[in-house]
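Visitor: what's the 3D shape of this:
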Amino acid sequence: MEEKKILLFLVDDDALFLKSLEIEFSENTESALKTFATGELCLEKISQNPDVVILDYHLDSIDKKAINGLETLDKIKAINPMIPVIMLSSQDKIEVAVNCMKHQAFDYIVKSETAFIRLQKAITTIFHYQKIEKALNWYMEKM
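Guide: Numbering: from 1, shown residues only. So this is what the prediction gives:
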């Protein structure tokens, strides 16, 4: 049986960083990728139910009227709270990380040369948690 590729949404207004992430994921994983320069474009396609959304925190450097990452995160969670979202930011500030977690982000990763490796680990963790949750739900239904 052919395994279904995981669908990743990559959302970042930094075209260079977005392209480098896209290259890393396509060369090192079996993921299906969709890239978006704005939160609005990502939200238009969110009905495709991506397995994971990797979302930039700011998102308004090109268009100052564009919604930012937190607003996009809130809208994704309002549409489907089960979609895991990993936030990315160039800011290494604890307040930013805490704020993302309060808004139901799965994880917060600082953009750096190790970002791709940390993203891969976070995605692995997401699937590990989902597997445990399924097993637990199955077990609870049997009780």
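Visitor: Helices along this protein, start to end?
Guide: When assigned using DSSP state H, the helices of the chain occupy the ranges 15-28, 39-44, 69-79, 94-102, 115-142.
Visitor: what packs against the fourth one?
Guide: Packed against helix 94-102, as judged by 3 or more CB pairs under 8 Å, 6 or more residues apart in numbering; DSSP states H and E, are the following elements: helix 69-79, strand 85-89, strand 107-110. (C-beta placed from N, C-alpha, C; glycine too.)
Visitor: could you give me the average pLDDT of it?
Guide: Average pLDDT, helix 94-102: 91.
Visitor: any idea how far it is from the chain center?
Guide: Distance of helix 94-102 from its chain centroid, counting by CA atoms, centre = their mean, to the nearest Å, is 15 Å.
Visitor: what does the first one give?
Guide: Chain-centre distance of helix 15-28: 14 Å, with CA atoms, centre = their mean.
Visitor: Contacts for it, please.
Guide: 8, 10, 12, 31, 33, 35, 37, 54, 111, 115-116, 119-120 (CB atoms under 8 Å, 6 or more residues apart in numbering).
Visitor: Weed out the non-buried ones from those residues.
Guide: Buried subset of those (neighbour count, 16 or more other CB atoms under 10 Å): 8, 10, 12, 31, 33, 35, 37, 54, 111, 115, 116, 119.
Visitor: if I read this right, residue 107 contacts residue 87, doesn't it?
Guide: Yes - at 7.2 Å, residue 107 counts as touching residue 87 under the criterion of CB atoms under 8 Å.
Visitor: ok, those two, which is more surrounded?
Guide: More crowded of residue 107 and residue 87, by other CB atoms under 10 Å: residue 87, with 25 against 20.
Visitor: From what I see, the more buried one and residue 105 are in contact.
Guide: Yes - with contact defined as CB under 8 Å, residue 87 counts as touching residue 105 (4.5 Å).
Visitor: which neighbours do these two share?
Guide: 55, 73.
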